[in-house]
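# sequence first, predicted model second:
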Amino acid sequence: MLAIEFPLFPPRASTLAGSVDNLYFTLLAITAFFSTLIFLCILFFAIKYRRRSEDERPPEIHGSLKLEIVWTAIPLLIVIGLFTAGVRIYYAGARPPANSMPIYVVGKQWMWKVQHPEGKSEIDELHVPLGVPVRLLMTSEDVIHDFSIPAFRIKRDVLPGRYTTEWFQATKTGDFHLFCAQYCGTNHSAMVGHVVVMEPADFQKWLSEGPQPPSMADSGARLFAKLNCATCHSDSGKAPLLAGSFGSTVPLAAGGSIRADEAYLRESILAPRTRIVAGYPPTMPAYQGQLTESQVLELIAYLKSLPPGKGDRR
Amino acid sequence: MSVALAQPERPDYLNDGYGIKSWLLTRDHKRIALLYLASITLFFVLGGIFALIIRLELLTPAGDLVTSQTYNKLFTMHGVIMVFFFLIPSIPAVLGNFLIPLMVGARDLAFPRLNLLSWYVYVVGGVFTLTAAITGGVDTGWTFYTPYSSTYSNTHVVLTVVGVFITGFSSILTGLNFIVTIHKMRAPGLSWFRLPLFVWSMYATSMIFILGTPVLAISLVLVGLERIFRIGIFDPHIGGDPLLFQHLFWFYSHPAVYIMILPSMGVVSEIITCFSRKRAFGYNFIAFSSVAIAVLGFLVWGHHMFVSGQSVAAGVIFSGLSFLVAIPSAIKVFNWTATLYKGSVSYQTPMLYAFGFIGLFTIGGLTGLFLATLGVDVHVHDTYFIIAHFHYIMVGGAVMGYLGGIHFWWPKISGRMYPEWWGRVAAVVVFLGFNLTFFPQFILGYLGMPRRYHAYPPEFQVLNVMSTAGASILGIGYLLPLVYLTWSMRYGPKASANPWAAKGLEWETTSPPPTENFLETPIVTEEAYAYAAPGATHV
Ligand code: HEM
Ligand SMILES: [Cu+2]
């Protein structure tokens, strides 16, 4: 192939990308304006007032309060505008729509493991349907990584011991770069992959192709049984019932309450003593070190799949 | 060879004692400055060689010149050396040491022995870090992010961290010495608002040295302890918090960026006033903006963590504060530019560097707005956009200022003039090479090329080739002053006491100055930069 590829601008393939680009162009314009202004002033002064004789003594000028105020106020107004515009986009990026499709990501030196709730999993690839908001729930098995998709203008660190999320809604089918953007060791630059955006019908087809592994929730149910979680989490009353717990507000023994999101469920499985639910003895064993991050995600998927209502918790 | 002179010449500080010992045991701030000059030049050359290998590797998309492991060690060493062993000590330890006592009209710094000790501490830190480099290297990046550095890396993290830790004390001691000197040893008549702006900038820098460096020291000690004893501070598998380190690290290292740039701003203020024969436009604003930058610099560390998983609210607060730092920086740029107005502008080498500084710092500063803008930073964070931005500030800004300062005070330091024509050529080559190297990286960054990548997708190649070509030119540009300044030490024409017809006490003593700086204590009767006859106009 002789044709030299020489892009100057990345593909734009998510709903967020347009607003990021607009702000970027605004910033470019501001930068171009002020740097040109400064350069021209310097050039102009340097030429106009160049030294003509060795004993030239220019007039002494102390400064001007008026000018200082003007050139403090103007930048101040500009940065206030930029700040607000930036915050808007940041908020938009931090709040996935309620109906987003969840996909689970585990980073590991040096690959990305992607799990679809339906059961299909992939390595260093992420297949998504066009036009559907997707929410990634991400964690790492070892060091800090970063899941970055330039075409979508999104990026978020992936941390061990924690869940982080990012979301996007693809606006263009195609194949896009997926990078690990946080330095993570020897093969950091090989921790790359593709994001494949497909028409929703093609995506469904892709999902149902090949061998059909059990869904994440089913795998979670199997783990739940294998680990004998139900001995306590049952009508026995030794531990809270888990149906409908995801998203509920849990009263804590130490006082106060907490919303049961994925992070809380993860902590309750791995280190249950950290936050005890009010009204129950702290008898649950810690599963720290016994489950992989993928298994924890499967358990969470199972818990999320349990319909609320059945044996309602208080 | 020559007959003894009837009237022996007064010794200056350079020939006041000969032999290695007279240098290694000196307590003269000027000699200590030269010790620093020699050692940081060595580190700059080393760091530069690493940079060139990095750029050669990036000439092709496949990582084919060195292995990924080697590449990681190269950029780590490049970063560690350039930041901790070159940029941070450069202007303060060389020019600050040399000039502060001269500028305030003192015989020496407040604590001359402590000053010598700082240099030894610096050297010992350097030896540790170089030992780490030679015996296998370290691959964490200069940022040492945990838990990679504390648990997973198999390289000499502890040795490196100890080296940086030790060097930190050198900064603290230097800062202490400067602050006391500036407070206590000013010549009669030299009130705070008659101080040269360089002294103001060194004062602000010293504040950061003293307040910030201990935090870095603590976080590095914690990394070392975690690695050896696995105590569970940073690694979540043993109960730690991976973000804690980032907070600690950036609490120092963001202000550290201002340690690198504030001194250059001070230098540029001196050069611009001298080569336009003008009082600094808005002296008070330039002085106070240094202090404002130092103070605000401590409040913005979280802008390195917009995508780290810290809370959205924290992101918003840090973004707002980061924008505020832009204001004092803008004030400075406007004031320098206005200083030229109705001046008597000449374009000697130092002035060319100062122009280069303003240009590059302006671009570096304005691209900083992209990073403070939340939504945009998410996209460019940890890409080549960042590499370009901080090289514009740290290399375009700090190194240009440093080179400008070295040329400006070279006659005073060495007693010799450098070849002016070569000086101008080098300044132009550096400027052009710099822009060719780093401008394409802004585009690469927006395209999404992540930093610290040893191989990259082929469509990024053209821009990378441009950058590597620029790096070779830049390398030559840096080499030139090394050659002709060394040459001039021996063969350059003798310099007069004040070759630029500049203002400031340092120009009132001989070049090079005698060991005691001034034969009699100077008395200051006018404001800084009083170039014009009395009867100033006010715009
Ligand atoms: C010829 C001049 C230079 C070139 C070509 C160059 C090139 C580079 C490159 C390509 C990187 C990125 C490595 C990566 O993230 O993959 C880098 C990082 C860096 N450079 Fe330079 N550089 C030069 C000069 C300097 C100078 C003069 C300084 C400081 C005085 C400096 C300070 C740094 C720092 C602190 C980093 C960050 C290292 C890290 O990511 O851990 N560079 N440089
Ligand atoms: Cu990674």
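Here it is on my side, so go on. Ligands and ions are numbered 1, 2, ... in the order given.
# in contact with the residue nearest to residue A:200 when sequence neighbours are not counted, which residues?
Distance criterion C-beta to C-beta, 6 or more residues apart in numbering or on different chains; nearest residue to residue A:200, sequence neighbours excluded, is residue A:129 at 4.2 Å. Where you see a C-beta, it was placed from the backbone N, CA and C, and this is true even at glycine. With contact set as C-beta atoms under 8 Å, 6 or more residues apart in numbering or on different chains, residue A:129 has these partners: A:101, A:170, A:197-200, A:203-204.
# switch the cut-off to 10 Å
With contact set as C-beta atoms under 10 Å, 6 or more residues apart in numbering or on different chains, residue A:129 has these partners: A:101, A:169-170, A:173, A:197-204, A:206-207.
# now it, which residues is it bridged with?
On the basis of DSSP bridges, residue A:129 is bridged to residue A:198.
# count of neighbours near the residue lying closest to residue B:332 once chain neighbours are set aside?
Leaving aside its sequence neighbours, residue B:332 sits nearest to residue B:289 (C-beta to C-beta, 6+ apart; 5.3 Å). Residue B:289 is flanked by 25 other residues according to other C-beta atoms under 10 Å in any protein chain shown.
# you'd agree residue B:289 is up against residue B:335?
Yes - using C-beta atoms under 10 Å, residue B:289 is in contact with residue B:335, at 8.2 Å.
# what residues do these two have in common as contacts?
Counting by C-beta under 10 Å, 6+ apart, the shared contacts of residue B:289 and residue B:335 are residue B:282.
# right, and the helix or strand after the longest helix anywhere in chain A?
The single longest helix within chain A, with elements called by DSSP state H, is helix A:17-48. Remark: after helix A:17-48, the chain's next helix or strand is helix A:65-94, criterion DSSP states H and E.
# now that following helix and helix A:17-48, what's the angle there?
Counting by axes from the mean of the first three to the mean of the last three C-alpha atoms, to 10 degrees, helix A:65-94 lies at 160 degrees to helix A:17-48.
# so does helix A:65-94 get close to chain B?
Yes - residues of helix A:65-94 contacting chain B under C-beta under 10 Å from any C-beta of the partner chain: A:65-68, A:70-76, A:78-94.
# run the chain-centre distance for that helix.
26 Å (C-alpha atoms, centre = their mean, to the nearest Å).
# what helices or strands is that helix leaning on?
Other helices and strands packing on helix A:65-94, by 3 or more C-beta pairs under 10 Å, 6 or more residues apart in numbering or on different chains; DSSP states H and E, are helix A:17-48, strand A:154-158, strand A:164-169, helix B:283-297, helix B:312-340, helix B:349-372, helix B:374-380.
# now the buried members of the residues of helix A:65-94 next to chain B.
When the residues of helix A:65-94 next to chain B are checked for burial by 16 or more other C-beta atoms under 10 Å in any protein chain shown, the buried set is A:67-68, A:71-72, A:75, A:78-79, A:82-83, A:85-87, A:89-90, A:93-94.
# residue A:300 reaches residue A:247, doesn't it?
No - Residue A:300 lies out of contact with residue A:247 (C-beta under 10 Å); the separation is 11.8 Å.
# quickly list what's touching both of the two.
Shared contacts of residue A:300 and residue A:247 (C-beta under 10 Å, 6+ apart): residue A:261.
# neighbour count for those two, which is higher?
Higher neighbour count among residue A:300 and residue A:247: residue A:300, with 25 against 10, using other C-beta under 10 Å.
# doesn't residue A:122 lie inside a helix?
No - counting by DSSP: H, G, I helix; E, B strand; the rest coil, residue A:122 is not found in a helix; it is strand.
# now stretch B:30-50: buried residues?
For stretch B:30-50, burial by neighbour count (16+ other C-beta under 10 Å) applies to B:30-37, B:39-41, B:43-44, B:46-48, B:50.
# so which of the residues you listed are in helices?
Taking DSSP H, the ones among the buried residues of stretch B:30-50 that sit in helices are B:30-37, B:39-41, B:43-44, B:46-48, B:50.
# if we look at ligand 2, which of those are close to it?
Among those, not one lies near ligand 2 by C-beta under 5 Å from the ion.
# list the contacts for whatever residue of chain B ends up closest to ligand 1?
Scanning chain B for the residue nearest ligand 1 gives residue B:79, at 2.7 Å (criterion: C-beta to the nearest ligand atom). Residue B:79 makes contact with B:47, B:50-51, B:140-143, B:452, according to C-beta under 10 Å, 6+ apart.
# bridged to the residue positioned nearest the centre of chain A, which residues?
The residue lying closest to the centre of chain A (C-alpha atoms, centre = their mean) is residue A:166, at 2.8 Å. Bridge pairing for residue A:166 (DSSP bridges) gives the partners residue A:136.
# which residues touch it?
For residue A:166, the contact set (C-beta under 10 Å, 6+ apart) comprises A:16, A:93-94, A:96, A:105, A:134-138, A:147-149, A:152, A:154-158, B:307, B:378.
# and residue B:474, by the same measure?
B:48, B:51-52, B:55, B:395, B:399, B:429-438.
# cool, and residue A:151?
Contacts of residue A:151 by C-beta under 10 Å, 6+ apart are A:10-14, A:17, A:168, A:170-172, A:174-178, A:195, A:197, B:448.
# show the buried residues in those residues.
Buried by 16+ other C-beta under 10 Å: A:10-14, A:17, A:168, A:170-171, A:176-178, A:195, A:197, B:448, out of the contacts of residue A:151.
# the residue nearest to residue B:305 when sequence neighbours are not counted: helix or strand, and which one exactly?
Computed as C-beta to C-beta, 6+ apart, the closest residue to residue B:305 that is not its neighbour in sequence is residue B:246, at 5.7 Å. Assigned by DSSP H and E, residue B:246 belongs to helix B:242-276.
# tell me the confidence at the residue lying closest to residue B:258 once chain neighbours are set aside?
Nearest-residue entry for residue B:258: residue B:297, 4.3 Å, with adjacent residues in sequence omitted and distances by C-beta to C-beta, 6+ apart. With respect to pLDDT, residue B:297 has a value of 89.
# I'd say residue B:297 and residue B:289 touch.
No - contact criterion C-beta under 10 Å: residue B:297 and residue B:289 do not qualify, at 11.8 Å.
# any common contacting residues for these two?
Shared contacts of residue B:297 and residue B:289, counting by C-beta under 10 Å, 6+ apart, come down to B:204, B:262, B:328.
# can you give me the buried ones in the longest helix of chain A?
A:17, A:19-21, A:23-24, A:26-27, A:30-31, A:34-35, A:38-39, A:41-42, A:45-46.
# ok so, going back, count the residues that sit near the residue nearest to residue B:305.
Counted by other C-beta under 10 Å, the residues lying close to residue B:246 total 26.
# could you do residue B:515 as well?
Residues lying near residue B:515 (other C-beta under 10 Å) number 20.
# tell me the contacts of it?
B:10-17, B:26-28, B:30-31, B:107-108.
# now residue B:506: closest residue in space, sequence neighbours ignored.
Among residues not flanking residue B:506 along the chain, residue B:102 sits closest, at 3.8 Å (C-beta to C-beta, 6+ apart).
# name the residues of the helix or strand in which the residue of chain B closest to ligand 1 is found that come out as buried.
Element membership for residue B:79, per DSSP H and E: helix B:68-80. Neighbour counts over helix B:68-80 (16+ other C-beta under 10 Å) mark B:68-69, B:71-80 as buried.
# does ligand 1 have contacts with the helix or strand following it?
Per DSSP H and E, the first helix or strand lying C-terminal to helix B:68-80 is helix B:88-89. No - on the criterion C-beta under 6 Å from any ligand atom, helix B:88-89 is out of touch with ligand 1, staying 9.6 Å away.
# quick check: mean pLDDT across helix B:88-89?
95.
# I'd like to know which elements that helix is packed against.
Partner elements for helix B:88-89 (3+ C-beta pairs under 10 Å, 6+ apart): helix B:29-57, helix B:112-134, helix B:157-184, helix B:197-229, helix B:242-276.
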